[in-house]
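Visitor: A structural model of the following input is requested.
(chains A, B and C)
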Amino acid sequence: MRFPPKKKRAAEVLTRLQPLYAGLTTGLDFKSPLELIVATILSAQCTDERVNKVTPVLFARYRSAEDYVEADPEEVESIVHSCGFFRNKTKSIQGMSGALLERFEAEVPHTMSELLTLPGVARKTANVVLSHAFGVNEGIAVDTHVQRLSGRLGLTKEKVPAKIERDLMKLVPRDSWGRMSDLLIWHGRRVCVARSPRCNVCVLADICPSAVVIRYRS
DNA sequence: ATCCCGAGGG
DNA sequence: CCCTCTGGAT
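Guide: Now for the predicted structure:
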């Protein structure tokens, strides 16, 4: 079985998945850049649904970077507890908020280089904030879904997220970087799931080197 | 037992 | 490169 070249496959991923997930962007609920960066920090190794259950309580209790800095850490921990990594996530939220106050006039910065200076923020979180809060494409958010699907689709052989991101950036037009990430994530949640991917209903099966399907000879 | 929109430290 | 941090869902 032969497959189209990587660049063609990447283009097909965009055109075929777009109609399936039209209107779906991030699964995280937020109303401001600050809410999005907090929600994204909480989303590490945790489902969006779980994050969306705690953020209404969190966002009602703390409305600004100053509120997070002044908050009792144990109270923040108790609110975010069910998301896991609750001590690290609380430290990241409060440390990030402190950095916003000290260096960015309490505003979430709009560039990758500035976002990466915030404690608890690396490329994945920065890419989510840039694309969904500011509409900026400085990279491609590589989470566990993007990592898994990129590998299965044969778009990269790399394992480290930063290297996967570089490979994808070469294969996808820059104005589609944010969209590519969202589409792979939704497809990863609904079809190309981790344990037993539903290749029989996948619109990418014929161009996926990893698809387990009955292939008829032409 | 495995997976979920990771990041920091050694 | 590796390890650790964590709870909830399946």
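
Visitor: any idea how far DNA strand B is from the residue in chain A that DNA strand C sits nearest to?
Guide: Using C-beta to the nearest atom of the strand, A:Gly84 is the residue of chain A that sits closest to DNA strand C, at 1.5 Å. Bear in mind the C-beta positions are built from the backbone N, C-alpha and C, glycine included. Taking C-beta to the nearest atom of the strand, to the nearest Å as the measure, A:Gly84 falls 7 Å from DNA strand B.

Visitor: ok, for that residue, nearest residue in space, not its chain neighbours?
Guide: A:Cys46 (5.5 Å; C-beta to C-beta, 6 or more residues apart in numbering).

Visitor: what's the answer for A:Ile185, then?
Guide: A:His145 is the one closest to A:Ile185 (C-beta to C-beta, 6+ apart), at 4.5 Å.

Visitor: for the one you found, what are its contacts?
Guide: Neighbouring residues of A:His145 by C-beta atoms under 8 Å, 6 or more residues apart in numbering: A:Leu184, A:Ile185, A:His187, A:Gly188, A:Arg189, A:Cys192.

Visitor: change it to 10 Å
Guide: Listed by C-beta atoms under 10 Å, 6 or more residues apart in numbering, the contact partners of A:His145 are A:Ser181, A:Leu184, A:Ile185, A:Trp186, A:His187, A:Gly188, A:Arg189, A:Cys192, A:Val193, A:Ala194.

Visitor: the lengthiest helix in chain A packs against which elements?
Guide: For chain A, the helix that runs over the most residues, judged by DSSP state H, is helix A:86-103. Using 3 or more C-beta pairs under 10 Å, 6 or more residues apart in numbering; DSSP states H and E as the contact test, the elements touching helix A:86-103 are helix A:33-42, helix A:65-70, helix A:73-80, helix A:112-115.
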